[in-house]
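[1] Okay, here's the prediction I keep looking at, along with the sequence it came from:
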Amino acid sequence: MHGIASIAGIIHTIRPSSSSEGGIIGAYNFGSNACHSGTTNERAASPATRGTHTPHAYRMQIFKLAQGSGPLVVSMPHIGTHLPDALATRLTDYARTLPDTDWHLDRLYDFLQPLDATVLQATHSRYVIDLNRPPDNASLYPGQDTTGLVPIDAGDRSRIYRDAPPDDAEIAARRDTYWQPYHDALASALQAAKARHGYALLWDAHSIKSILPRFFSGKLPDLNLGTADGASCGAGLGEALLGVANRHGAFTAVLNARYKGGYITRAYGQPQNDVHAAQLELSWATYMDEHHPFAFRDDLAGRIRPVLHALLTTLIDWGRSRYRR
């Protein structure tokens, strides 16, 4: 039975280590006993709030978790739109429209419950912290333009902060308060799936504006699959997913092109340990209006949703076939 619930305690901690290939690849130790809450006191979470009076501090969910019992875990790290009050007042008017959000993915992926997937969704905007970046802020794409762990400019290079951006102390506080609990929850969900089935499947769901010159030239393909050049999953899975996307014909699709998979895909995708990960960066043009107020388009979503369903059922079927007992 699925339900949205905050997690009071996560029993596994993350211990990332550096990759020799420029990006950061997390080496995760699933055996420790550290705990993190799924909620935070917003008023006390950041140095930005120091010196303020908070008579009505409240508890805010850092993530939402719908618990399934199948091998599939779906992560949506950029779907969040919440800005703590003390942070919102520091942002430009444009930044407060949250133009880099992965809008409406929960509505688009409305078929996950029948797949018995575990679904983890961020609640806070990526302008608070980017959950798909390494904790040390190392570049995932050395030599290419990208945004950081705590972004200071938007995808179109417009500034996010009215005045001074966060300093190192504030970034560290945000990492502890927001980044770590999400990753603890994700690690725990994958471990639970693997304990039940002997393997786990991770789908990291993203979306992006179709034209964004800072990051790519021209118009982005509709479906951008990433498996870290095959390192995040077993042999043939990426190609199988690409084949499904291409067979539908109505949409353009690529594998390991501009978007090869971010930190989550690279860190958790450990096929040698029976955890297989893939990322999809989906063009906004396939399901929504690309300008503020970023409205969901049912007419468009109805066309792309069957493709997404086919991709995830292919992923599940691939896992069953590989681990058939």
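    Structure's in. What do you need?
[2] centroid residue for this structure?
    P77 (2.8 Å; Cα atoms, centre = their mean).
[3] if I look at the closest residue to that residue other than its chain neighbours, how far off is I62?
    Nearest residue to P77, sequence neighbours excluded (Cβ to Cβ, 6 or more residues apart in numbering): L131, at 3.7 Å. For every residue, glycine as well, the C-beta is placed using N, CA and C. Separation of L131 from I62 (Cβ to Cβ, to the nearest Å) stands at 10 Å.
[4] what bits of the stretch 1-150 of the chain have low per-residue confidence?
    1-59 (pLDDT under 70).
[5] Quick one: the helices in it, in order.
    85-88, 105-108 (DSSP state H, counting those that start in this stretch).
[6] Isn't Y182 up against L120?
    Yes. Using Cβ atoms under 8 Å, Y182 is in contact with L120, at 7.3 Å.
[7] what sits in contact with each of these two?
    F63 (Cβ atoms under 8 Å, 6 or more residues apart in numbering).
[8] Could you report the neighbour count for G302?
    Per other Cβ atoms under 10 Å, the neighbour tally for G302 reads 10.
[9] Tell me the secondary structure of it, please.
    Under DSSP: H, G, I helix; E, B strand; the rest coil, G302 falls in the helix class.
[10] Please shift the residue numbers so they start at 3 in all later answers.
    With the count now opening at 3, the last piece we talked about shows up as G304.
[11] distance of it from P295?
    According to Cβ to Cβ, G304 stands 21 Å off from P295.
[12] Also Y96?
    Relative to P295, Y96 is positioned 13 Å away (Cβ to Cβ).
[13] repeat for S141
    From S141 to P295 the distance is 32 Å (Cβ to Cβ).
[14] repeat for Y261
    25 Å.
[15] Looking at these two now, which is surrounded by more residues?
    For Y261 versus P295, neighbours defined as other Cβ under 10 Å are more numerous around Y261 (23 against 7).
[16] Enumerate every residue touching that one.
    H208, N226, G228, Q281, E283.
[17] so it sits in a helix?
    No. Going by three-state DSSP, the assignment for Y261 is coil, not a helix.
[18] backbone phi and psi for it, please?
    Note on Y261: backbone dihedrals following degrees, to the nearest 10 are phi -120, psi 110.
[19] quick check, A174 in a helix?
    Yes. Using three-state DSSP, the assignment for A174 is a helix.
[20] What's the local residue count around the residue nearest to P79?
    25.
[21] can you give me the strands for this structure?
    Secondary structure of the chain (DSSP state E): strands located at 6-7, 19-20, 26-27, 41-43, 61-63, 65-68, 74-78, 120-124, 202-210, 225-228, 255-257, 277-285.
[22] mind checking which of these is nearest P86?
    strand 61-63 (7.7 Å; Cβ to Cβ).
[23] Please tell me how far L222 sits from S212.
    For L222, the distance to S212 - Cβ to Cβ - is 5 Å.
[24] swap in T99?
    18 Å.
[25] same thing with L203?
    L203 is 28 Å from S212, by Cβ to Cβ.
[26] Comparing those two, which shows the higher neighbour count?
    L203 (29 against 17).
[27] Show residues contacting stretch 211-218.
    By Cβ under 8 Å, 6+ apart, stretch 211-218 touches 101, 146-148, 157-159, 220-222, 260, 285-287, 292.
[28] quick one: which of those residues is nearest to L107?
    For the contacts of stretch 211-218, the nearest to L107 is W286 (10.8 Å; Cβ to Cβ).
[29] that older thread, now mean neighbour count and distance to S71 too, for the helices of the stretch 3-152 of the chain, in a markdown table please.
    Putting the helices of the stretch 3-152 of the chain into a markdown table (neighbours: other Cβ atoms under 10 Å; distance: least, Cβ to Cβ, whole Å) gives the following:
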| stretch | mean neighbour count | distance to S71 |
| --- | --- | --- |
| helix 87-90 | 16 | 37 |
| helix 107-110 | 19 | 20 |
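[30] Quick one, which of those helices gets closest to P153.
    Going by Cβ to Cβ, the one of the helices of the stretch 3-152 of the chain nearest P153 is helix 87-90, 12.2 Å.
[31] send the alpha carbons of that closest one over as PDB?
    In PDB, the C-alpha atoms belonging to helix 87-90 read as follows (Å, rounded to 0.1, in the frame of the first residue of the first chain):
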ATOM      1  CA  ASP A  87      11.100  32.300   4.200                       C
ATOM      2  CA  ALA A  88      14.500  33.500   5.200                       C
ATOM      3  CA  LEU A  89      15.900  32.400   1.900                       C
ATOM      4  CA  ALA A  90      13.100  33.500  -0.300                       C
END
